[in-house]
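# Show me the folded form of this:
(one chain, ligands or ions: 1)
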Amino acid sequence: MTEPSRFLVCAPLGVEARALRRGLGEAAEVRRTGYGRARAAHQADRLRGEAFGKLAIAGVGGGLVPDLRLGDLVVASEVRGSEAAEPARCPSAPLLAGELRRAGLPARAAAIVTVDRVIAARGERERRAAGGAVAVDMESADLLAGAAGRPAIVLRAVSDTPEHSLLSPRTVPGGLAALRSLRLAGPALARWAAACGPRRVLLAGPRSFCAGVDRAIEIVERVLEQRGSPVYVRKQIVHNTHVVTDLERRGAIFVDELDEVPDGATVVFSAHGVSPTVRAAAAERGLDAIDATCPLVAKVHVEARRFAAEGYQVALIGHAGHEEVEGTLGEAPEAMTLIENADDVTRLRPDDPQKVAYLMQTTLSADEAGGIVDELLSRFPGARGPGSDDICYATTNRQLAVRGIAAESDVVLVAGSANSSNSRRLVETALRAGTPAYLIDGPEDIELGWLAGASAVGITAGASAPPAVVGQIIDALSGLGPVEVSERVVATESIRFGLPKELRI
Ligand code: SF4
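Residues are numbered from 1 along each chain as shown. As a prediction, this is how the structure comes out:
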């Protein structure tokens, strides 16, 4: 028999149990389980036969790495009990660590190792840290076995570190700092428990990388391969922190402007495109410039030049400050006006109302842009539009797909960075469908309150977000209870764009 709502918290020591009771109030049943592995193993036998729905193991622990400070919190991503045994994974660790950080507590998700005896010597800490663990305790691996497949989390507050060992006079302040952190972690632990439960995950298809992003990333990779690092990239190659961090690690240097690029260096222009002024400045300085502008953005540039050459006043529908918009406006600055909303249309004063044309940023919301075009056509019935849609296939498909899953979901999570236009439009599309929706860079950004009572979670990813992030989100949710994953595919994509000729070898 199970009691899904019963939340049991195991704390080895009496002082730890008291701190946790104060922090958790009525949200959990806190049990003192005793010090050391033998007592923990005994308690685990008892836990296996007990009816509870979710388990937390919490207490103080030792820090193994120098950047941990007294009172820091470590949420175990995995717990290692012995060198021979497989570590026990706790997939929801990033969710609790993120929740603790948002509460202002210093927390990280990382591996913890359970040992047989107190570790005080620095050398022993270093040996354990070399195995990948950042903190140590004497109970978690054994107690965790008592969860027997139910959602479980391990939280340790650091009471001693390599700098302040258990034998130092700092032991008392370290212990107090750790107990204070445990108490303050109580509300976040309660939210973790409230978010536990079985759920369905609905994946939007298509999602994640589009052909333009794939090509831009491959261009930087090829340039690194062929020319070696460093390779300069003007602006973020695509708007995603994971992509940028990964390429930085491999030797790319991201800069805001060309004056940060040394003479003679290689510079890549991002997928969002650049204005002719930037190209000219690079040529003038003799930079080895390689263009990763998405061909679908380049198509809008061509249309802008064509309309301007034919004497049209061109309304560019888009968002001020976005790099793509800046690049497109730069194609014919004297002939173009940025239109962000229907009000801007009323302010448009073309020299010749018969010669108005409009273009769009490629990553707009189709609904929003459609309303602006209607307004424009009602003021200028003869206004000419692009030959084919400027909002690209990838944006359109991802918006259709998220609308589909939003209808079936209690909440929608959109993987993407805050500066990603197409990812933000996916959030807006889900919201317009009446479903709460949130933009997240990864699982650590998910607020546990969003998941409480949400038995169907929709997931998609913006065109610049790596597919692996979606896997990480599903993995984190699986730590809160059984997850049944299905996909709703509204379109299949086979578009590929070729590389610039100078890289095709
Ligand atoms: S979202 Fe569209 S325009 Fe932007 S890079 Fe991808 S395919 Fe190109």
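
# How about the protein: which residue is closest to the ligand?
As assessed by C-beta to the nearest ligand atom, the ligand sits closest to Gly212 within the chain, at 2.5 Å. Bear in mind the C-beta positions are built from the backbone N, C-alpha and C, glycine included.

# Against Thr429, how distant is the nearest residue to that residue once chain neighbours are set aside?
In this structure, Gly212 finds its nearest non-sequential neighbour in Cys294, 3.1 Å apart by C-beta to C-beta, 6 or more residues apart in numbering. Going from Cys294 to Thr429 by C-beta to C-beta, to the nearest Å gives 21 Å.

# Glu124 belongs to a helix?
Yes - under DSSP: H, G, I helix; E, B strand; the rest coil, Glu124 sits within a helix.

# Can you give me the neighbour number for it?
When neighbours are defined as other C-beta atoms under 10 Å, Glu124 has 15 of them.

# again, but for Gly14
There are 11 residues near Gly14, going by other C-beta under 10 Å.

# Renumber starting at 28 from here on
All right, first residue 28 from here; so that's Gly41.

# who's in contact with it?
Each residue near Gly41 by C-beta atoms under 8 Å, 6 or more residues apart in numbering is listed here: Arg59.

# And it, what's its pLDDT?
Looking at Gly41, its pLDDT is 97.

# tell me which residues of stretch 495-513 are tucked away?
By 16 or more other C-beta atoms under 10 Å, the buried positions in stretch 495-513 come out as Val496, Val497, Gln499, Ile500, Ile501, Ala503, Leu504, Ser505, Gly506, Leu507, Gly508, Val510.

# Out of the residues you listed, list just those in strands.
Val510 (DSSP state E).

# Put together JSON lines for the buried residues of stretch 495-513, with pLDDT on each row.
What follows is the buried residues of stretch 495-513, written out as JSON lines (pLDDT from 0 to 100):
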{"residue": "Val496", "pLDDT": "98"}
{"residue": "Val497", "pLDDT": "98"}
{"residue": "Gln499", "pLDDT": "98"}
{"residue": "Ile500", "pLDDT": "98"}
{"residue": "Ile501", "pLDDT": "98"}
{"residue": "Ala503", "pLDDT": "98"}
{"residue": "Leu504", "pLDDT": "98"}
{"residue": "Ser505", "pLDDT": "98"}
{"residue": "Gly506", "pLDDT": "98"}
{"residue": "Leu507", "pLDDT": "98"}
{"residue": "Gly508", "pLDDT": "98"}
{"residue": "Val510", "pLDDT": "98"}
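
# The buried residues of stretch 495-513: which two are farthest apart?
The span of the buried residues of stretch 495-513, defined through C-beta to C-beta, is set by Val496 and Gly508 at 21.0 Å.

# Show me what secondary structure element comes after the host helix or strand of Val324.
Per DSSP states H and E: Val324 is located in helix 322-336. Next helix or strand after helix 322-336 toward the C-terminus (DSSP H and E): strand 340-344.

# Leaving out chain neighbours, which residue sits closest to Thr364?
Ala342 (5.6 Å).

# Contact partners for the residue nearest the centre of the chain?
Among the residues of the chain, the one closest to the centroid is Asp468, at 1.6 Å (C-alpha atoms, centre = their mean). Neighbour list for Asp468: Thr268, His269, Ala442, Gly443, Ser444, Ala445, Val496 [criterion: C-beta under 8 Å, 6+ apart].

# Dump these into TSV; add secondary structure as well.
Output for the contacts of Asp468, formatted as TSV (three-state DSSP):
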residue	secondary structure
Thr268	helix
His269	helix
Ala442	strand
Gly443	coil
Ser444	coil
Ala445	coil
Val496	helix
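
# Please identify which pair of these lies farthest apart.
Ala445 and Val496 (14.1 Å).

# which SSE is the residue nearest to Gln263 when sequence neighbours are not counted in?
Nearest residue to Gln263 in three dimensions, chain neighbours excluded: Val271, at 5.2 Å (C-beta to C-beta, 6+ apart). Assessed by DSSP H and E, Val271 sits inside helix 268-276.

# Could you check how far stretch 302-317 is from the centre of its chain?
Centroid separation for stretch 302-317 versus its chain: 33 Å, with C-alpha atoms, centre = their mean, to the nearest Å.

# In that stretch, which residues are buried?
Neighbour count says stretch 302-317 has Ser302, Val305, Arg306, Ala308, Ala309, Arg312, Leu314, Asp315, Ala316, Ile317 buried, by 16+ other C-beta under 10 Å.

# what's the answer for stretch 66-86, then?
Quick answer for stretch 66-86 (16+ other C-beta under 10 Å): 66-68, 70-71, 74, 79-86.

# for stretch 155-170, the distance to its chain's centre please.
Taking mean C-alpha positions (C-alpha atoms, centre = their mean), stretch 155-170 and its chain are 27 Å apart.

# Likewise for stretch 61-68?
Distance of stretch 61-68 from its chain centroid, counting by C-alpha atoms, centre = their mean, is 38 Å.

# Same check on stretch 243-262?
23 Å.

# Tell me the helix or strand right after the lowest-mean-pLDDT helix or strand in the chain.
Counting by mean pLDDT, DSSP states H and E, the weakest-scoring helix or strand in the chain turns out to be helix 149-157, with a mean of 83. Where DSSP H and E defines the elements, the next helix or strand beyond helix 149-157 is strand 160-164.
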